[in-house]
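K.L.:
return a 3D structure for these sequence lines:
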Amino acid sequence: MHARLTAKLLAALLLGLGSAGTPALAARRPPNIVIIFTDDQGYADVGVFGARGFQTPNLDRMATEGCVFRNFHVAQPVCSASRAALLTGCYPNRIGIHGALGPHSKVGINRDEMTLAELVRQRGYATGMFGKWHLGDAPQFLPTRHGFEEYFGLLYSNDMWPLHPDLVKLPPDAAARKRGYPDLAMYAGEQVVIPRMTHEDQSQLTTWYTEHAVRFIEQHQAQPFLLYVAHNMPHVPLHVSDKFRGKTARGLYGDVIEEIDWSVGQILAALKRTGLDRDTWVIFTSDNGPWLSYGNHAGSAYPLREGKGTNWEGGTREPCLMRWPGHIPAGTESRQMLMTIDLFPTIARRIGAPLPAHKIDGLDVWPIIAGRRGAKNPHPAYWFYYEVNQLQAVTTGDGRWKLQLPHTYRTLGGRPGGRDGTPAPYAQRRLEHAELYDLVQDVSEATDLAAQHPEIVTFLQGQAEAARADLGDGLTQRPGPGRRAPGRVAQVQP
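P.N.:
This is a model prediction of the structure:
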C-alpha cells in the first residue's frame, strides 16, 4: 500500500479515480502539501497579525498571495497534544496523547492511528518530515514508523535536558553547552547522527531544517509529496544562526522569527524554481500560543488573553496563512473558525484518499478555505481539553460564542514575564463558574455575558455534555468510551 508509484501508474490511478466519481483533482496531479509548523509562536508574531520589532516579508507575501485565517485554532495549547491532532485529525485525548511527552516516555502515538503521512501515501505521495516530532521517542514511535519516508530532526522540544532553566532557574553553564546535552539527540531516519546537541548545533536548527526541506522539494519533482517542516523555534531556549543574530529591535526573539521567515522564503522559492508553485498547497501556523512566563524570550498573543498552557484564546488561536494559487483566493482574509483537526479530512478529500476506518474528529472545511460564498463551518461546536482529559471550554462551530467551563488555569496575573531565558513564576487561578464570551465583539475574553445569554449557555452546556459522553472529562470524573489507547513501549514492535 505504501510503495511509491511511478508517474505512469499514478496517472492511471488518478484517471480511474475520476471515473469513479471521487472529488475533482488537479489536471496534472494532486497537489503537493507543505505544512510549516512553528513552536510556541504567538498570534501577533507575524507581520500581517501585528508583529512589532521585527519583519516577516516572506510570510506577508504569502498572505498577499493567499488567505489570512484570523480564527484558526489548535486542539490543545501544548506541544505533543497539538501535533497529535494535526497529524491524525483527532482530538489528542481521543488517541491518548496528553501534554508534552518527555524523553524516554513509555507512551506515544499508537501504530493503529493513521497519520497524515500514511493518508497521502495511499495516493502515491512521497513524504518527508524535518524538525520536531514529539509523539514518542521509542523506536516504534519514530516518524519513519508512521508514514514519513524521510526524517531529520529532534524527537522532542529543544529544552528537554536536566539543566533546562525552568528547572534550575539558571541558564546551562558554559561547560554543559560545550559538551552537549543528554537526551537531546539529532536523528536522520532512525539513526542518531548527533548524540548530544550543543549550543552551537542548536543555532543551526532552522537552517538545517530548511536545507533538508529545499532538497526534498528538488528531489521529488516527479511525484506529489507531503512536506512537513516542524521548526523547534521559537520554543525556548532560543537559538539563531549568525546570519540573523542581532538583526532586530525585538532582540533574540525577533531574530529567531526573522530566520523562520527566511526559511519560509527559501521553501517558496524552491517551489517556484522547480515549477511546482501552482501545484502546491502551503500551510503556515504554530502549535500553540506563546510561553508568556519567558517574557522577552516569548512571543505576543495580543490582543488575546493568556498564552500557551491555557484554553483562553491566546493559548489556542494561532496565526495561519494558506497559499495555493488558483485554488485559494489571493489577498483574502477569513474570520471563520477552523482547527488543525480539520486539515486531515480536508486534504483527504482534495486528493481522493480514503479516511481511516476509526473515528476522527475533523471535518472537510475546504469551502471555507477556498473562500466560497456562503460557506459555513460544519461543526456544531469545538471541544477544548487540556491537562489529563480536562474539558475546559467549548465554542460554537462558527467561532462566535465560547463557554469557559470551571477549571484552574495558570496566569502571570498582569506581572511581566522573565528575561533572557529565565522564566517568571505563574500563579494558579480558579474559574468558579462557567463564563460566556462573544469572540466577535470581545476577542480578548474580557466581559462575561453568561447572565445576558442563558440560551447560548444552555446550548454550549449541551455540547459539553456531548463531549463528556464521548471523550469523558477529568474535571467531572467522566470516563469517555470514545477514547483509544496510546501506543505503549510494551507493545510488540512490527
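K.L.:
tell me, how many neighbours does Gln219 end up with?
P.N.:
Using other C-beta atoms under 10 Å, Gln219 is surrounded by 13 other residues. For glycine as for every other residue, the C-beta is placed from the backbone atoms N, C-alpha and C.
K.L.:
Gly89 versus that one, what's the distance?
P.N.:
To Gly89, Gln219 is 28 Å away according to C-beta to C-beta, to the nearest Å.
K.L.:
equivalent analysis for Pro406, please.
P.N.:
When C-beta to C-beta is applied, the distance between Pro406 and Gly89 equals 29 Å.
K.L.:
equivalent analysis for Trp262, please.
P.N.:
Here the criterion is C-beta to C-beta. By it, Trp262 lies 31 Å from Gly89.
K.L.:
ok, these two, which is more surrounded?
P.N.:
Neighbours per residue, other C-beta under 10 Å: of Trp262 and Gly89, the larger number sits with Gly89, 32 against 19.
K.L.:
could you find the closest non-adjacent residue to that one?
P.N.:
Phe344 (2.9 Å; C-beta to C-beta, 6 or more residues apart in numbering).
K.L.:
which SSE is immediately downstream of the helix or strand hosting the one you found?
P.N.:
Element membership of Phe344 [criterion: DSSP states H and E] is helix 343-351. Following helix 343-351 in sequence order, the next helix or strand is helix 366-369 (DSSP H and E).
K.L.:
give me the distance from that following helix to the chain's centre.
P.N.:
Here helix 366-369 is found 19 Å from its chain centre; the criterion is C-alpha atoms, centre = their mean, to the nearest Å.
K.L.:
following it, which helix or strand comes up?
P.N.:
The helix or strand immediately downstream of helix 366-369 is strand 381-386, counting by DSSP H and E.
K.L.:
which helices and strands does that following strand pack with?
P.N.:
strand 390-396, helix 454-471 (3 or more C-beta pairs under 8 Å, 6 or more residues apart in numbering; DSSP states H and E).
K.L.:
tell me which of those is the most buried.
P.N.:
Each of the helices and strands packed on strand 381-386 was scored by mean neighbour count; the highest is strand 390-396, a mean of 24, by mean count of other C-beta atoms under 10 Å.
K.L.:
what about the helices in the protein?
P.N.:
With DSSP state H applied, the chain shows helices at 7-19, 57-64, 79-88, 116-121, 165-168, 174-179, 199-202, 205-219, 252-273, 313-316, 343-351, 366-369, 454-471, listed in chain order.
K.L.:
any chance of those helices in CSV, plus distance to Ala424?
P.N.:
Conversion of the helices of the chain to CSV gives the following (distance: least, C-beta to C-beta, whole Å):
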stretch, distance to Ala424
helix 7-19, 54
helix 57-64, 29
helix 79-88, 20
helix 116-121, 36
helix 165-168, 11
helix 174-179, 23
helix 199-202, 23
helix 205-219, 26
helix 252-273, 15
helix 313-316, 16
helix 343-351, 34
helix 366-369, 38
helix 454-471, 33
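K.L.:
reformat those as a markdown table; add distance to Tyr187 and mean pLDDT.
P.N.:
Below are the helices of the chain laid out as a markdown table (distance: least, C-beta to C-beta, whole Å; pLDDT from 0 to 100):
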| stretch | distance to Tyr187 | mean pLDDT |
| --- | --- | --- |
| helix 7-19 | 30 | 35 |
| helix 57-64 | 28 | 98 |
| helix 79-88 | 16 | 98 |
| helix 116-121 | 16 | 98 |
| helix 165-168 | 24 | 46 |
| helix 174-179 | 20 | 62 |
| helix 199-202 | 13 | 90 |
| helix 205-219 | 12 | 98 |
| helix 252-273 | 20 | 98 |
| helix 313-316 | 29 | 98 |
| helix 343-351 | 24 | 98 |
| helix 366-369 | 33 | 98 |
| helix 454-471 | 32 | 98 |
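K.L.:
closest to Leu292 out of those?
P.N.:
When those are compared by C-beta to C-beta, helix 313-316 sits nearest Leu292, at 7.8 Å.
K.L.:
how close does Asp361 sit to Tyr385?
P.N.:
From Asp361 across to Tyr385, the span is 11 Å (C-beta to C-beta).
K.L.:
cool, and Pro319?
P.N.:
The spacing between Pro319 and Tyr385, counted by C-beta to C-beta, is 22 Å.
K.L.:
between the two, which has more neighbouring residues?
P.N.:
Pro319 (28 against 25).
K.L.:
what's the neighbour count on Gln202?
P.N.:
When neighbours are counted by other C-beta under 10 Å, Gln202 comes out with 22.
K.L.:
okay, the residue most central in space within the chain: pLDDT?
P.N.:
Centroid-nearest residue in the chain, with C-alpha atoms, centre = their mean: Asp287, separated by 3.5 Å. On pLDDT, Asp287 comes in at 98.
K.L.:
and if you look at Ala490?
P.N.:
According to the prediction, Ala490 has pLDDT 81.
K.L.:
for the residue lying closest to it once chain neighbours are set aside, give me its contacts.
P.N.:
In this structure, Ala490 finds its nearest non-sequential neighbour in Lys106, 7.9 Å apart by C-beta to C-beta, 6+ apart. By C-beta atoms under 8 Å, 6 or more residues apart in numbering, Lys106 lies in contact with 138, 488-490.
K.L.:
pull out the buried residues from the residues you listed.
P.N.:
Among the contacts of Lys106, those buried by neighbour count (16 or more other C-beta atoms under 10 Å) are 138, 488-489.
K.L.:
from those, which is closest to Gly472?
P.N.:
For the buried ones among the contacts of Lys106, the closest approach to Gly472 (C-beta to C-beta) belongs to Arg488, at 19.3 Å.
K.L.:
ok, now which ones touch that closest one?
P.N.:
So Arg488 contacts 106-107 (C-beta under 8 Å, 6+ apart).
K.L.:
I'd like the distance between it and Arg29.
P.N.:
39 Å.
K.L.:
okay, now the domains of this protein?
P.N.:
Using automatic domain parsing, the domain ranges for the chain come out as 29-376, 383-485.
K.L.:
pick the most buried one from those domains.
P.N.:
Comparing the domains of the chain by mean neighbour count (mean count of other C-beta under 10 Å), domain 29-376 ranks first with a mean of 21.
K.L.:
now do the end-to-end distance for it.
P.N.:
28 Å (C-alpha to C-alpha, to the nearest Å).
K.L.:
likewise stretch 370-380?
P.N.:
Stretch 370-380 stretches 20 Å from its first residue to its last (C-alpha to C-alpha).
K.L.:
leaving out sequence neighbours, find the closest residue to Ile341.
P.N.:
Gly362 (3.6 Å).
K.L.:
find me the pLDDT at the one you found, would you?
P.N.:
Looking at Gly362, its pLDDT stands at 98.
K.L.:
isn't it up against Gly89?
P.N.:
Yes: using C-beta atoms under 8 Å, Gly362 is in contact with Gly89, at 4.0 Å.
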